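generate coordinates for the sequence data below:
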Amino acid sequence: MDIIDILKQDYQRFPVNQTYSIYAEDIFFQDPLNKFFGVERYKKMINFMHSWFLNIKMDLHDIQRLEDKIKTKWTLSWNSPLPWKPRISISGWSELGLNAEGLIVSHIDYWDCSPLDVIKQHFFVKN
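This next block holds a predicted model:
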């Protein structure tokens, strides 16, 4: 199975049963809230999301491979564990860098909104 097929399956079942073997041990991850190295730290971040947020859904809109890069477009949504359980949604894209062995060495997420916009979703209903 090639890496594109693996990623498609991982997105469908996110955040459970992710295929961590496709990542380099020293992967670099960055999004608007996090920046770190290491697949173990990456696993901890995914496990935190799984244990803290409710009804997580990752919709993959597009995935393309261009030589040593993969670009995905997605929408991540979940219910926050607040008493009123607001539904939060972030759309964005990821750029994944591949090494010579075909492992993901960098995963950089870009959001179509600001972190403040995400916080506002917890308190204001979008029309």
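
now the helices for the chain?
Using DSSP state H, the helices of the chain run over 3-13, 39-52, 115-121.

quick one: residues in contact with the shortest one.
This means helix 115-121. Outside of helix 115-121, the residues that reach it under the criterion C-beta atoms under 8 Å, 6 or more residues apart in numbering are 32-33, 86-90, 111. The C-beta positions use only the backbone N, C-alpha and C, and glycine is treated the same way.

what's the answer for the longest one, then?
Judged by C-beta under 8 Å, 6+ apart, the contacts made with helix 39-52 from elsewhere in the structure are 14-16, 18, 20, 23-27, 29, 34, 36, 56, 78, 81, 107.

now do that helix, average pLDDT.
Averaged over helix 39-52, pLDDT sits at 96.

what's across from residue 62 in the sheet?
Listed by DSSP bridges, the beta-bridge partners for residue 62 are residue 73.

equivalent analysis for the one 4 residues further on, please.
Legend: beta-bridge partners of residue 66 under DSSP bridges are residue 69.
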